[in-house]
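**Q** Structure of the sequence below:
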Amino acid sequence: MVPLFFLTSIMRKILSLLLIFASSITFGQESGTSAGMNVAEHSTVVLNNIYGTIPLKNLSDLKIASLDLRFPNSAAFDSIARKYWAVVDFRGDTIKTSEGFNFMHMKLKLYNTVILKLSDQSTINSALNHFISDLESQTRLIIVLSGNGNTLAKLDKVKSPVVWMKLKTPEAASVAAQVIFGGVASKAKLDNNYGTTFRKGSGFNTDKIRLGYSVPSEVSLSPNFGSGIDAIVKEGIAAHSAPSAVILVAKDGKVIFNKAYGSHRYDGPVPTKLDDIYDMASVTKVTATTPSIMRLYDQKMIGLDSLISKYVATTRNIPDKSDIKIKEALLHEAGYFPYIKFFELLKPGEMSKDSSAAYPVKVADGYFLRANYFEDVMWPVTLKSHGGTRGKFVYSDISMYMLKEVVEQVTHRRLNEYVMNEFYLPLGMQATGFLPRNRFDRSRIVPTTENDNWFRDMLVQGYVNDPGAAMAGGVEGHAGLFSNANDLAIYYQMLLNKGTYGGEKFFNPATVDLFTSRQSRVSPRGYGFARLTEAEEKANKGYPSQLAYGHSGYTGTYVWVDPKYNLVYICLTNRVYPDDNKTYGVSKVNLRARVLDYVYEEIIKAQN
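**A** The predicted structure is shown next:
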């Protein structure tokens with residue numbers, strides 16, 4: 001292969017376009033069919049589930065290992081399982097003796113949940129049966145078995161749950177994983193007697209408690225649904241709207257489209273992947289700060305009419321800030337100044353290339369801000385700022401600076417710690433959080449800019465793009481959150497479910513309805529959430545519905561929920577790359593809006 005640096009610029013552009021479709025696709029869309037998924041769902045039987053182990057709950061307490069003993073389509077099973085929680089796979093195809101299983105038992109010591117994958121090709125002997133008994137006595141065990149039902153007879157003494165399917169297809173492997181995690185409900189029963197334990201008619205009903213993963217035709221959409229999205233995104237990348245994109249569409253509780261496009265950088269060698277992590281920008285407002293306020297409201301620890309100054313003492317003696325209510329900040333009607341360019345306040349000597357006690361705040365690789373800059377400079381400037389527009393809708397980041405202070409004062413916890421433990425981990429959101437470079441390799445994080453021309457003048461990858469949030473230490477109420485498409489789909493499906501997900505209740509249904517419905521006399525907005533705009537309403541396309549809500553992010557992110565259509569839509573791009581679009585100019589392709597229009601049009605077409 002010719003090294004990339006020898007290619008001409010024209011050849012590099014051709015390569016860039018080819019990379020548009022060098023993407024990863026969810027299993028159901030890549031090789032599954034509606035018929036295959038349907039047959040698999042109706043023939044997967046759950047046995048020995050007397051204690052309700054399946055579907056798994058309380059994911060954040062689980063350390064899960066998946067052990068393959070000649071299970072067909074093991075990779076398909078694990079890829080779906082990992083969408084729900086971290087699953088570490090082990091292979092034991094060649095193990096047949098007690099010595100081998102004892103060694104494997106030692107390797108599994110750090111896992112409190114083991115999924116043992118078997119088939120009618122597995123060697124089920126006394127050594128394996130002893131291994132199974134050993135695991136059952138010390139950990140939570142789930143057995144997945146595919147193929148001839150007569151193999152069940154060899155598992156007569158197993159006490160742990162068994163998920164059995166006759167089929168040995170990728171669809172069956174996918175469904176088995178979804179049944180275990182509650183993405184698919186199981187109602188199937190045994191069609192025959194298998195040994196002395198598993199009798200005809202046996203089988204436990206299990207519930208669907210999480211997102212499932214399927215294909216467009218399963219929700220009555222065209223099997224070619226994805227081709228229209230492909231065309232729009234291809235046009236957008238070619239027009240330099242963004243070098244990368246990940247699109248996810250969930251309908252009726254099922255992810256029916258999830259695809260990654262392009263590469264991390266224009267003409268770059270790193271193709272975009274489904275689990276890539278993006279800078280959420282203002283999507284932080286509705287995925288971190290607003291839900292924190294919702295939780296505290298649910299717990300009656302704050303009221304929407306409560307004064308911010310009750311919690312943020314430094315605002316009490318400031319005339320235009322002392323009597324502002326929490327709900328005014330949520331509606332962007334508090335009269336706060338829209339956006340303060342804190343980076344323009346920097347003076348020589350306040351930044352350093354080296355970390356030290358004097359320069360502890362990392363704003364990029366090899367770039368540090370002096371200690372206490374937020375308290376000494378940013379917060380006093382914030383308090384002195386005047387918007388003068390109280391009672392009018394003026395979108396303001398300062399609203400969320402204030403609400404972050406409210407959350408931290410009431411909970412006595414940092415915002416990033418609070419949302420991680422109250423929402424993200426319990427929901428099974430594995431990539432979401434602030435300060436992603438503390439948890440993930442840089443290669444997993446899509447670069448936001450090649451040359452941040454606000455104040456860093458360097459590559460920004462894994463550090464928040466917003467200057468104010470970066471200078472505040474990477475954790476703020478208006479920006480700083482990073483996430484991926486699957487995690488966001490989980491969170492917004494929870495909201496679509498009126499606050500319940502995975503068998504846990506995160507919000508009261510009335511609270512979700514309150515915050516996501518129109519609450520303003522001067523704008524269509526809810527508390528924190530954007531809704532159908534007046535322009536969209538006048539356009540009268542038939543969509544979005546009056547129930548829809550979501551938010552956009554400056555970096556190119558977008559989340560949207562429409563209860564009327566049972567829809568969750570996620571669009572992630574790094575549209576400001578390489579330098580806030582100053583190199584390529586204003587994009588002519590609005591990816592996130594055009595794809596959403598297409599999704600609505602296809603849904604409405606299918607309903608008519």
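**Q** so the residue sitting furthest away from the middle of the chain is in which element?
**A** Here the chain reaches farthest from its C-alpha mean at residue 196, the gap being 44.5 Å by Cα atoms, centre = their mean. For residue 196, there is no enclosing helix or strand under DSSP states H and E.
**Q** what's near enough to touch it?
**A** Residues in contact with residue 196 (Cβ atoms under 8 Å, 6 or more residues apart in numbering) are 153, 156. (C-beta placed from N, C-alpha, C; glycine too.)
**Q** Could you measure from it over to residue 126?
**A** With distances taken as Cβ to Cβ, to the nearest Å, residue 196 is found 18 Å from residue 126.
**Q** again, but for residue 87
**A** Residue 87 is 28 Å from residue 126, by Cβ to Cβ.
**Q** Quick one: list the elements packing against the top helix by length along the chain.
**A** In the chain, assigned by DSSP state H, the helix with the most residues is helix 591-607. Using 3 or more Cβ pairs under 8 Å, 6 or more residues apart in numbering; DSSP states H and E as the contact test, the elements touching helix 591-607 are helix 225-238, strand 244-251, strand 557-562, strand 567-573.
**Q** starting at the chain centroid, how far to the first one?
**A** In other words, helix 225-238. The chain centroid and the centroid of helix 225-238 are separated by 22 Å, computed with Cα atoms, centre = their mean, to the nearest Å.
**Q** Could you pull out the buried residues of that helix?
**A** Residues of helix 225-238 classed as buried: 225-226, 228-230, 232-234, 236-237 (neighbour count, 16 or more other Cβ atoms under 10 Å).
**Q** what's the closest of these to residue 391?
**A** Nearest to residue 391 among the buried residues of helix 225-238: residue 236, at 38.4 Å, using Cβ to Cβ.
**Q** Help me confirm that residue 39 is found in a helix?
**A** Yes. Counting by DSSP: H, G, I helix; E, B strand; the rest coil, residue 39 is part of a helix.
**Q** domain ranges for this structure?
**A** Taking automatic domain parsing as the reference, the chain has its domains at 1-27+215-274+542-608, 33-214.
**Q** comparing these, which gets the lowest mean pLDDT score?
**A** Note on the domains of the chain: lowest mean pLDDT is at domain 1-27+215-274+542-608, with a mean of 84.
**Q** measure residue 302 to residue 75 for me?
**A** Applying Cβ to Cβ to residue 302 and residue 75 gives a distance of 47 Å.
**Q** more crowded one of the two?
**A** Between residue 302 and residue 75, residue 302 has the larger neighbour count (other Cβ atoms under 10 Å), namely 22 against 14.
**Q** Pull the contacting residues for that one.
**A** The contact partners of residue 302, taken as Cβ under 8 Å, 6+ apart, are 293, 296, 311, 326, 406, 410.
**Q** Just among those residues, which is most surrounded?
**A** Using other Cβ under 10 Å as the neighbour test, those are led by residue 293, with 27 neighbours.
**Q** about what we covered before: next, format the domains of the chain as TSV and append distance to residue 475.
**A** Compiled in TSV, the domains of the chain are given as follows (distance: least, Cβ to Cβ, whole Å):
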stretch	distance to residue 475
domain 1-27+215-274+542-608	16
domain 33-214	21
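**Q** Quick one: closest of the ones you listed to residue 504.
**A** Comparing these by Cβ to Cβ, domain 33-214 comes nearest, at 7.3 Å.
**Q** picking up where we left off before, would you turn the buried residues of helix 225-238 into JSON lines with distance to residue 203?
**A** Listed next are these as JSON lines, based on distance: Cβ to Cβ, whole Å:
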{"residue": "225", "distance to residue 203": "33"}
{"residue": "226", "distance to residue 203": "34"}
{"residue": "228", "distance to residue 203": "40"}
{"residue": "229", "distance to residue 203": "38"}
{"residue": "230", "distance to residue 203": "40"}
{"residue": "232", "distance to residue 203": "44"}
{"residue": "233", "distance to residue 203": "42"}
{"residue": "234", "distance to residue 203": "46"}
{"residue": "236", "distance to residue 203": "47"}
{"residue": "237", "distance to residue 203": "48"}
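**Q** angle of the longest helix of the chain against strand 557-562?
**A** With axes from the mean of the first three to the mean of the last three Cα atoms, to 10 degrees defining the directions, helix 591-607 sits at 20 degrees from strand 557-562.
**Q** got the CA positions of helix 591-607 in CSV?
**A** Provided in CSV are the C-alpha atoms of helix 591-607 (Å, rounded to 0.1, in the frame of the first residue of the first chain):
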residue,chain,number,x,y,z
LEU,A,591,-26.8,17.3,8.5
ARG,A,592,-28.7,17.0,11.7
ALA,A,593,-31.8,18.8,10.5
ARG,A,594,-32.0,17.2,7.1
VAL,A,595,-31.5,13.6,8.5
LEU,A,596,-34.2,14.3,11.1
ASP,A,597,-36.6,15.5,8.4
TYR,A,598,-35.9,12.4,6.4
VAL,A,599,-36.6,10.2,9.4
TYR,A,600,-39.9,11.9,10.1
GLU,A,601,-41.0,11.7,6.4
GLU,A,602,-40.2,8.0,6.3
ILE,A,603,-42.2,7.3,9.5
ILE,A,604,-45.2,9.3,8.3
LYS,A,605,-45.0,7.6,4.9
ALA,A,606,-45.1,4.2,6.6
GLN,A,607,-48.1,5.2,8.7
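**Q** Let me see the contact set for residue 578.
**A** Going by Cβ under 8 Å, 6+ apart, residue 578 touches 265-266, 449-451.
**Q** Secondary structure class of the residue positioned nearest the centre of the chain, three-state.
**A** The centre of the chain sits closest to residue 487, judged by Cα atoms, centre = their mean, with a distance of 1.4 Å. The three-state label given to residue 487 by three-state DSSP is helix.
**Q** measure the closest residue to it other than its chain neighbours to residue 259 for me?
**A** Nearest non-adjacent residue to residue 487, counting by Cβ to Cβ, 6 or more residues apart in numbering: residue 429, 4.0 Å away. When distance is defined by Cβ to Cβ, residue 429 is 20 Å away from residue 259.
**Q** Residue 296 now?
**A** Computed as Cβ to Cβ, the residue 296 to residue 259 distance reads 37 Å.
**Q** what's the farthest-apart pair in the buried residues of helix 225-238?
**A** Taking Cβ to Cβ, the two most distant members of the buried residues of helix 225-238 are 225 and 237; they sit 19.6 Å apart.
**Q** where exactly do the helices run in the stretch 201-350 of the chain?
**A** 225-238, 283-284, 290-298, 326-330 (DSSP state H, counting those that start in this stretch).
**Q** Tell me which other helices or strands the last one touches.
**A** Contacts defined by 3+ Cβ pairs under 8 Å, 6+ apart place helix 326-330 against helix 290-298, helix 398-411.
**Q** on that earlier part again, going by distance to residue 336, which of the buried residues of helix 225-238 wins?
**A** Of all the buried residues of helix 225-238, residue 336 sits closest to residue 236, with 33.7 Å by Cβ to Cβ.
**Q** give the contact list for that closest one.
**A** Residues near residue 236 by Cβ under 8 Å, 6+ apart: 242, 245, 587, 589, 591, 594.
**Q** Top of the residues you listed by number of neighbours, please.
**A** Busiest of the contacts of residue 236 [other Cβ under 10 Å] is residue 245, holding 31 neighbours.
**Q** you'd agree it is up against residue 570?
**A** No. Using Cβ atoms under 8 Å, residue 245 makes no contact with residue 570, being 10.6 Å away.
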